[in-house]
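Trainee: Quick one: sequence plus predicted model below, questions after.
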Amino acid sequence: MSDLVVVARFSFPHEAHIARGLLESEGIPAFVADEHTVNMQWLYSNAMGGVRLAVPRMHAQKAHEVLNDDFSEAVDSEFELHVEKCPSCGCQDLEPYTKGKQAAFVVFILLGFPLFFYKHGLRCKSCGAFWRP
């Protein structure tokens with residue numbers, strides 16, 4: 001077999017295996033190196049240069065092209081993005097909000113134990129409306 005060329009480096013072995021699966025789906029043989037060392041001693045990952053993904057030299061150019069492809073348009077067309085809107089004013093400027101958190105804190109200070117009667121939801125930054133999606 002021809003010599004191997006490192007086409008990518010990853011901090012975690014699972015990332016390297018995802019990339020290896022992508023390359024193999026394109027017919028490019030790929031090999032993951034140093035995954036066991038990083039699994040046993042993850043602090044060595046940066047010192048060793050991470051988990052290496054290698055391919056035969058004759059497939060290196062195609063491997064770089066496959067790994068650098070941008071699939072974001074395919075993902076966007078597959079999954080329609082749902083943008084949450086305020087039910088009161090229709091604004092899209094929303095933030096996660098916990099209603100009743102301040103009252104729960106006061107009860108905790110006064111009684112010495114927490115009563116969890118707060119609600120998680122979204123709040124509109126424009127009109128202040130709160131709801132639970």
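Mentor: All right, it came through fine.
Trainee: Secondary structure element holding the residue nearest the centre of the chain?
Mentor: Nearest to the centroid of the C-alpha atoms of the chain, with distances taken as C-alpha atoms, centre = their mean, sits Glu15, at 11.1 Å. Here Glu15, judged by DSSP states H and E, is contained in helix 13-25.
Trainee: After that helix, which helix or strand is next?
Mentor: Proceeding N to C from helix 13-25, the next assigned helix or strand is strand 31-33, under DSSP H and E.
Trainee: buried set for the helix or strand just after that following strand?
Mentor: Using DSSP H and E, the next helix or strand after strand 31-33 towards the C-terminus is helix 35-40. For helix 35-40, the neighbour count (16 or more other C-beta atoms under 10 Å) marks 35, 38 as buried. Glycine gets a C-beta too; all of them are placed from N, C-alpha and C.
Trainee: Go ahead and name everything in contact with helix 35-40.
Mentor: Helix 35-40 is contacted from outside by 12-13, 16-17, 44-45, 48, 50-51, using C-beta atoms under 8 Å, 6 or more residues apart in numbering.
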